[in-house]
Structures are given as structure tokens and as C-alpha cells.
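Q: could you look at this predicted model? Sequence included:
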Amino acid sequence: MKNWLIRILLYIPLLGIGYYYKEAFGTADSSGLSCMVYQKTGWLCPGCGGQRALQSLLRRDVLEAIHYNALILLLIPLLLFIYISLIEVYVVKNQKYIGRIVLPKWFPYVLVLVIIVFSVMRNI
């Protein structure tokens with residue numbers, strides 16, 4: 001029972017963050033934050049358009065979100081997976097989770113390569 005309470009207490013902030021983001025930036029007229037890399041260099045960084053993509057997702061417009069930043073749509077599930085994995089492995093000490101869910105050793109290198117290629121391709 002204690003593990004379920006820990007899980008609930010650590011998963012609730014995700015809902016709170018989602019709700020806050022929806023209320024603060026979820027409307028079409030909210031300006032949001034501007035990208036410092038784009039302001040200084042004129043180049044689109046890997047995160048440029050990510051906030052607009054999230055706003056589009058909050059409005060359930062997936063095609064518009066892909067148009068703004070497709071990489072963010074791939075990274076959101078990955079970040080959620082990593083957050084849940086960290087809670088299960090290091091906080092709850094779930095032994096079943098430790099042996100079952102493992103990212104390959106090459107994964108970080110491929111992820112960095114994908115981010116670099118995405119950045120170059122969107123600035124060509």
C-alpha cells in the first residue's frame with residue numbers, strides 16, 4: 001500500500017504541470033516564451049516551436065503540432081517513460097520493473113544524433 005501512495009504522490013505533479021501549462025499557455029493568443037538561440041542567431045534550435053506544438057496538442061490539433069515541431073512529439077513520451085522509470089526503479093524499488101524495462105546502451109547516442117540531424121535539417 002505504501003508503494004501506491006508514493007507513486008500517486010510522485011505522479012500528481014505531472015498532472016499539475018499539465019494543468020498549469022494548459023491554463024497558462026494553452027490558448028491560441030498566449031505569446032509564451034521566445035527562443036534565445038533564434039533571437040541571437042536566427043537559427044531554429046531543436047526546441048523551437050515546441051511550445052506552439054504543445055499548445056496545438058492541448059487543442060487536439062496533432063497535424064499542426066507536427067508542423068511546429070515533430071521532435072517534441074517524440075520526446076514527450078520518452079520523457080514520461082524516463083520519469084516513470086526513475087520513480088519505479090529508484091524510489092519504489094520495483095524489482096519487476098528493473099529487469100523488464102531497459103534502454104539499450106546505444107540509445108543516448110542515437111538520440112543525440114537524431115536531435116542533431118533534426119536541427120540541421122530544419123535550418124537548411
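A: Looks like it came in fine. In this text, all values refer to a predicted model and were calculated from it rather than measured experimentally. Numbering: from 1, shown residues only.
Q: what about the helices in this protein?
A: Here the chain has its helices, by DSSP state H, at 2-25, 36-41, 50-58, 62-68, 70-86, 95-100, 107-122.
Q: pull the number of nearby residues for the residue lying closest to residue 52 once chain neighbours are set aside.
A: Once flanking residues are discounted, residue 52 sits nearest to residue 68: 4.3 Å by C-beta to C-beta, 6 or more residues apart in numbering. Bear in mind the C-beta positions are built from the backbone N, C-alpha and C, glycine included. Using other C-beta atoms under 10 Å, the number of residues around residue 68 comes to 19.
Q: correct me if wrong: residue 68 contacts residue 56.
A: Yes - contact criterion C-beta atoms under 8 Å: residue 68 and residue 56 qualify, at 6.2 Å.
Q: can you lay out the helices of the chain as CSV showing mean pLDDT?
A: Compiled in CSV, the helices of the chain are given as follows (pLDDT from 0 to 100):
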stretch, mean pLDDT
helix 2-25, 81
helix 36-41, 90
helix 50-58, 85
helix 62-68, 93
helix 70-86, 88
helix 95-100, 76
helix 107-122, 94
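Q: point out the most buried one among the ones you listed.
A: helix 50-58 (a mean of 20; mean count of other C-beta atoms under 10 Å).
Q: how far does that helix sit from the chain's center?
A: Offset of helix 50-58 from its chain centre (C-alpha atoms, centre = their mean, to the nearest Å): 11 Å.
Q: do you know how far residue 68 is from residue 93?
A: 39 Å (C-beta to C-beta, to the nearest Å).
Q: okay, the closest residue to residue 38 other than its chain neighbours: pLDDT?
A: The spatially closest residue to residue 38, leaving aside those adjacent along the chain, is residue 48, at 5.6 Å (C-beta to C-beta, 6+ apart). pLDDT recorded at residue 48 is 88.
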